[in-house]
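Visitor: below: sequence and its predicted model.
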Amino acid sequence: QPQASGGGLVQPGGSLTLSCVGSRFSLSYYGVAWFRQAPGKEREGVSCIYGGSTYYLDSVKGRFTISRDIAKNSINLQMNNLKPEDTAVYYCAVVQAGLCSTLDTYGVELWGKGTQVTVSS
């Protein structure tokens with residue numbers, strides 16, 4: 001099960017970096033996505049990476065960057081210029097490579113535990 005970390009409380013306009021680590025398998029061979037779920041809302045795909053391709057939810061384009069750290073076997077999500085509407089529990093997940101671009105929960109094969117991100121002044 002991939003492990004997510006790096007959440008916390010940050011002011012609007014601030015930054016956070018989330019990390020998803022594969023403890024028992026290499027993430028390099030899989031599509032890995034970040035999803036988020038705010039209270040009372042459905043879980044939505046935020047970003048996904050597979051090979052050299054990356055995909056983003058429209059509302060985070062230009063603010064979030066997903067990347068792979070092969071040495072640490074991790075997938076990172078750098079989040080800049082955070083907004084209150086980014087507040088949610090963020091989950092990383094292993095996804096079917098062919099469905100990475102859809103950012104849909106349908107493609108998830110393995111969920112990781114979430115990490116809370118709160119954007120508030």
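Guide: It's in. Residues are numbered from 1 along each chain as shown.
Visitor: what ranges do the strands span in this structure?
Guide: Taking DSSP state E as the criterion, the chain carries its strands at 3-5, 8-10, 16-21, 31-37, 44-50, 53-56, 64-69, 74-79, 88-95, 108-119.
Visitor: out of the ones you listed, which is closest to S101?
Guide: With C-beta to C-beta as the measure, strand 53-56 is the member of those nearest S101 (4.9 Å). Quick note: C-beta positions are derived from backbone N, CA and C, even for glycine.
Visitor: how far does the closest one sit from its chain's centre?
Guide: Its chain's average C-alpha position is 11 Å from that of strand 53-56, according to C-alpha atoms, centre = their mean, to the nearest Å.
Visitor: and stretch 70-77, by the same measure?
Guide: 12 Å.
Visitor: CA atoms only for it, dumped as PDB, please.
Guide: These are the backbone C-alpha positions of stretch 70-77, laid out as PDB (Å, rounded to 0.1, in the frame of the first residue of the first chain):
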ATOM      1  CA  ILE A  70      13.300   7.300  -8.500                       C
ATOM      2  CA  ALA A  71      16.000   7.200  -5.700                       C
ATOM      3  CA  LYS A  72      13.400   7.500  -3.000                       C
ATOM      4  CA  ASN A  73      10.700   5.500  -4.900                       C
ATOM      5  CA  SER A  74       8.300   8.300  -4.400                       C
ATOM      6  CA  ILE A  75       5.800  10.400  -6.300                       C
ATOM      7  CA  ASN A  76       5.700  14.000  -5.200                       C
ATOM      8  CA  LEU A  77       3.000  16.700  -5.600                       C
END
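Visitor: buried residues, that stretch. List them.
Guide: Residues of stretch 70-77 classed as buried under the neighbour-count rule (16 or more other C-beta atoms under 10 Å) are 73-77.
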